[in-house]
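Participant: Pasting the sequence and the predicted coordinates here, then a few questions.
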Amino acid sequence: MLGLNAYMAKKREISMLNKTQFKESLFDAVTFTYTLAVTFFAGWLLASSLGVDLSAYDQDFFVANVPKISLFLVGIMGALLWLNPLLYKVGLRTIGLVLFGPQTPTAQKSFLKTFHGLHLLVIFLLTFYVSISVTEASLDDLLDPDGLSGAARLWLGLADPNWSILPKAIVKALETIFIAFLATTLAIPVAFFLAFFASKNLMRTGLALSIYTTLRIALNLSRSVEPLVWALIFTVWVGVGPFAGMLALFLHSVASLIKYYSEVIEGISEGPLEAIRSTGANNVQVVWFGVVPQIVLPYIAMTLYRWDTNVRMATVIGLVGGGGIGTLLITYQGQAMWHEVGCIILVIAAIVWLMDAASALIREALK
Amino acid sequence: MSRPLLSVKNLGKVYPNGVSALKGVTFDVMEGEFLVVIGLSGSGKSTLLRCLNRLHDPSYGTIEFRGERIDQMKDVLSLRRRIGMIFQNFNLIPRHSVINNVLMGQLGRMNIWRSLFQNFTDDEKAQALQYLELVGIANKANIRADQLSGGQQQRVAIARALCQKPELLLADEPVASLDPATAHTVMDHLRKANHDLGITVICNLHFLSLVREYATRVIALKAGEIVFQGLPQDIDNAWFKRIYGEEARDIDVE
């Protein structure tokens, strides 16, 4: 064993900055810098809770000095790049080494007796402590009598729904379903068309590959913006109401459907395509008879699932003025009319459950 | 002797990743032959067939089909229409009916809009059914293709290729994923196409026993080069070891 380790060490010395080792070093530099920063933060919190006057160094102080602090941290990180090789020489296995390094046979040790295990534990505990403080989590607030009685009033209201607004709630719920339906329907042709350009197996070289990459980046960007944020943008654009909600859902659905669809296309078997091509068929015929029959059913299943998701999302989007039952909910909530809110919540639960069950049933049948 | 149907000279194929799959292959195929190509996996058999109908573009060398140069031909669609092909994995459209799969052989001859709406004429359907009868599964015409057994699927694939009315039929290891008994049935149907319809066949095979039974002539490929050309009965044990390597032993398919 010792011989192997010595050999590995020698090999590492020769190629100090190869790719995996740089990855290890960078990862370790980040974890160690984070450890320093979070230790500092935790110490600051602990000191102030113990009555040390740190008011000169409050949040505003740090906000004002963000550029300096970031520069400082980057500097530390650069310096810590050398920590990984250094620690390796004294025989300590860092997190970066364990994650990215070569698999070396090591004696079975309990996790917390290893260096990387201890390091992880320290990071976790410090982060946990800081999170509690940042969240302002407080058992006193949770058990405050005034708050508790308010919550009790609310729960009682929810438990005794006002059924007289049921017809209105149902009409609004239908509106939500139609918003989701239109968003899904409009997204289908766009996604269907673009999905072919987002499939790696069809876009392998040159111009095609660059179209693929651009499209994928654009999709990831648009998907990483939550539909709720899109809804805020569209309420400014086209005014508060169902149309804004529909547009937000449409955009998000296009991005998601393209991802689903292109994954299906990437999974099709090439055989039938080759067979159709060998009969002398042109490219349109190859796609129509070779690709389409393989993707139709998965597409339908994915689209149903998307509609079902959109109904749930449309409810949330309604909260920021996207129309439908969400808007009705926020109206009653604003007036503290808890019996009405209770009725609406039950309607939402019923619809989400029904859509979910129906789409699951249909998807099962399509397999 | 009459002019060959197919004349291949110094044919080579280098893939973009640098692999040289064919290294200057030269042979002729006469009208009505049942030519079998043998060789190890990776010896270039599949590449050779795919160069003949231009599913792959050859890197160098010439191919003449009925005296016409086709290795650089622009209109590959009309070339492929004249050459049928069947595959190891059958490659049917799984959710379409059997008869529909056979009709796919007509695609190249059809107007594009008529084909996209699958608007086949009664005459075309009758012909497709006729080819299904030829391979003995006309009674399965309206069953979904993925519900057939492997051997039946390969017979549908033969019917599809015949539906093109091809002048040449390429078969890329047509029985490699079938059991021995089924393999014989499929090979019999290929021979029937060769004998009764007079279609020239070029077929990649693994099993020497099948080669001896069906081939009228044999070509052996090794690492992209032809190492044997002749009659099936001339492949003796020594030749076999040269083609397949010293370690190889013949497996009998009854």
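Facilitator: Structure's in. What do you need? Residues are numbered from 1 along each chain as shown, chains lettered A, B, ... in the order given.

Participant: what's near enough to touch the residue nearest to residue A:295 when sequence neighbours are not counted?
Facilitator: Distances taken as CB to CB, 6 or more residues apart in numbering or on different chains put residue A:264 closest to residue A:295, at 5.0 Å, once the chain neighbours are dropped. Bear in mind the C-beta positions are built from the backbone N, C-alpha and C, glycine included. The contact partners of residue A:264, by CB atoms under 8 Å, 6 or more residues apart in numbering or on different chains, come to A:295, A:298, A:299, A:302.

Participant: Can you pull out the residues in contact with stretch A:283-302?
Facilitator: Defining contact as CB under 8 Å, 6+ apart, one finds that stretch A:283-302 is touched by A:192, A:196, A:257, A:260-261, A:264-265, A:268-269, A:272-273, A:275-277, A:281, A:362-363, A:366-367, B:93-96, B:104, B:107, B:112, B:115-116.

Participant: if we go to 7 Å?
Facilitator: Residues outside stretch A:283-302 that contact it (CB atoms under 7 Å, 6 or more residues apart in numbering or on different chains) are A:257, A:260-261, A:264-265, A:268, A:272-273, A:276-277, A:363, A:366, B:93, B:95-96, B:104, B:107, B:112, B:115-116.

Participant: Based on its surroundings, how many neighbours for the residue of the stretch 1-150 of chain A found nearest chain B?
Facilitator: Here the stretch 1-150 of chain A gets closest to chain B at one residue, residue A:19, 22.5 Å apart by CB to the nearest CB. Residues near residue A:19, counting by other CB atoms under 10 Å in any protein chain shown, number 9.

Participant: same thing with residue B:220?
Facilitator: 24.

Participant: helix, strand or coil for the nearest residue to it once chain neighbours are set aside?
Facilitator: Excluding the flanking residues, the one nearest residue B:220 by CB to CB, 6+ apart is residue B:228, at 3.8 Å. Classification of residue B:228 by DSSP: H, G, I helix; E, B strand; the rest coil places it in strand.

Participant: how close does residue B:228 sit to residue B:168?
Facilitator: Distance, residue B:228 to residue B:168, by CB to CB, to the nearest Å: 22 Å.

Participant: Need the contacts of residue A:264 in CSV (columns: secondary structure and neighbour count).
Facilitator: Formatted as CSV, the contacts of residue A:264 follow (DSSP: H, G, I helix; E, B strand; the rest coil; neighbours: other CB atoms under 10 Å in any protein chain shown):
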residue, secondary structure, neighbour count
A:295, helix, 17
A:298, helix, 19
A:299, helix, 21
A:302, helix, 20
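
Participant: Give the single residue among those positioned nearest to residue A:223.
Facilitator: Closest to residue A:223 out of those is residue A:302 (15.0 Å), distances taken as CB to CB.

Participant: one step back: name the nearest of the contacts of residue A:264 relative to chain B.
Facilitator: The nearest one, if we look at the contacts of residue A:264 relative to chain B and count by CB to the nearest CB, is residue A:295, at 10.6 Å.

Participant: contact partners of the strand or helix carrying residue B:190?
Facilitator: In this structure, residue B:190 sits in helix B:180-196 according to DSSP states H and E. When contacts are defined by CB under 7 Å, 6+ apart, helix B:180-196 is touched by residues B:34, B:135, B:150-151, B:154-155, B:158, B:162, B:169, B:171, B:174-175, B:178, B:199, B:201, B:203, B:210, B:214, B:253-254.
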